[in-house]
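Student: structure of the sequence below:
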Amino acid sequence: MMKYWLIQKTTINGFIKGMKVKGAHMDKGYSDFISRMNQMIGIDLSLYKEAQMKRRITSLRNKRGFENFSSYFQALKKDQILLDEFIDRLTINVSEFYRNPKRWEVLQEKVIPHLIHDKDKLTIWSAACSTGEEPYSLAIMLKERFPRLQVQILATDIDKGALDKAKQGVYKEQSLKDLPHIYKNKYFIQKNGLCYLNEKIKKMVNFKGHNLLADRYPQNIDLIICRNVLIYFTDEAKQEIYTNFSHSLNPDGVLFVGSTEQIFSPDQYNLSVFDTFFYKKEPQNE
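Tutor: Predicted structure coming up:
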């Protein structure tokens, strides 16, 4: 948007200038839409990368037969089913048990032992947990490898529909492809092509709604897992989220991010590299 106006000042001819003005008008329709949606549902879409989010929303809008954002907004105000579909489309509900298995090995062999070297209780937060594969993977791993450890697992997401699915604990077999086979047989019942999670594992996780861009963050956390989500946010939004994560962590607590979400200059958040994609909270400077 802003870069369009800068280019416009140096346009070679009136045709290019006219094209930029038209593009700015189209962008205004989108910016008005996301502003009104923020007021209605409390999700600030301007903090997401514009090209990706606009493409996703436009595709859904066109699929439902609306020619512009204004008419689509009016429909969303009146139709709860349409609104639920819209919110579901905003979120990235793609997850698997033990996604990127080598990272889970590091978590099991290095991170958890570091966190419990002087305590027998951990508080863990799975942020943007989607449909629950991640926090449930954690619960299974902890129950198997650290059975005496007292643990509280909070799992949050902005998408109520995803949380409802998570609480059910029912998954397609494909979601378990990286889960160790012994765990699959021990903690799931397979029926009609679906895998039903053990009730004891389900009870280990507390699911709750949470907006990373608006809500208060939980405090005194030993381990935060937030993977493959922040790549969709603007740099400014990511900086705010990393700052809030740092404030949430106890000293020596660990943040676990996705394989495409390396944090550059982690020291600005009082973090240091603990292992690949793991960052440790350093003591605050006096």
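Student: report the secondary structure element holding Asn206.
Tutor: Using DSSP states H and E, Asn206 falls within strand 205-209.
Student: just after that strand, pick out the following helix or strand.
Tutor: Going down the chain from strand 205-209, the next helix or strand is strand 221-226, by DSSP H and E.
Student: quick one: distance of that following strand to the chain centre.
Tutor: Distance of strand 221-226 from the chain centroid (CA atoms, centre = their mean, to the nearest Å) equals 13 Å.
Student: name every strand pairing with that strand and say which way it goes.
Tutor: Next to strand 221-226 in the sheet, as set by DSSP bridges, lie strand 121-126 (parallel), strand 249-257 (parallel).
Student: so the helix or strand following the shortest one versus strand 205-209, what angle?
Tutor: Once strand 121-126 ends, the next helix or strand along the chain (criterion: DSSP H and E) is helix 133-145. Helix 133-145 runs at 160 degrees relative to strand 205-209, counting by axes from the mean of the first three to the mean of the last three CA atoms, to 10 degrees.
Student: before we move on, back to that, now tabulate the strands paired with strand 221-226 in a markdown table and tack on distance to Lys165.
Tutor: (C-beta placed from N, C-alpha, C; glycine too.) As requested, the strands paired with strand 221-226 are exported to a markdown table (distance: least, CB to CB, whole Å):
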| stretch | distance to Lys165 |
| --- | --- |
| strand 121-126 | 15 |
| strand 249-257 | 22 |
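Student: let's have those in TSV, adding distance to Ile189, mean pLDDT and mean neighbour count.
Tutor: Below are these laid out as TSV (distance: least, CB to CB, whole Å; pLDDT from 0 to 100; neighbours: other CB atoms under 10 Å):
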stretch	distance to Ile189	mean pLDDT	mean neighbour count
strand 121-126	23	97	22
strand 249-257	29	96	21
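Student: wait, which of these is closest to Lys202?
Tutor: Closest approach to Lys202 among those (CB to CB): strand 121-126, 13.9 Å.
Student: outside of the closest one itself, list whatever touches it.
Tutor: 112, 115-116, 134-135, 138, 149-156, 205, 218, 220-226, 248 (CB atoms under 8 Å, 6 or more residues apart in numbering).
Student: please compute how far that strand lies from its chain's middle.
Tutor: Distance of strand 121-126 from the chain centroid (CA atoms, centre = their mean) equals 17 Å.
Student: over to stretch 169-177?
Tutor: The gap between the average C-alpha position of stretch 169-177 and the chain average comes to 19 Å, counting by CA atoms, centre = their mean.
Student: kindly report the same for stretch 139-151.
Tutor: 24 Å.
Student: dump that stretch to PDB, restricted to CA.
Tutor: Taking Å, rounded to 0.1, in the frame of the first residue of the first chain, the C-alpha atoms of stretch 139-151 are listed here in PDB:
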ATOM      1  CA  ALA A 139       1.300 -35.500  27.400                       C
ATOM      2  CA  ILE A 140       2.100 -39.000  26.000                       C
ATOM      3  CA  MET A 141       5.900 -38.300  26.000                       C
ATOM      4  CA  LEU A 142       5.900 -37.000  29.600                       C
ATOM      5  CA  LYS A 143       3.700 -39.900  30.800                       C
ATOM      6  CA  GLU A 144       6.000 -42.400  29.200                       C
ATOM      7  CA  ARG A 145       9.500 -40.900  29.900                       C
ATOM      8  CA  PHE A 146       8.800 -38.900  33.100                       C
ATOM      9  CA  PRO A 147       6.000 -40.700  34.800                       C
ATOM     10  CA  ARG A 148       6.700 -39.200  38.300                       C
ATOM     11  CA  LEU A 149       6.800 -35.600  37.000                       C
ATOM     12  CA  GLN A 150       3.900 -33.300  38.100                       C
ATOM     13  CA  VAL A 151       2.800 -31.400  35.000                       C
END
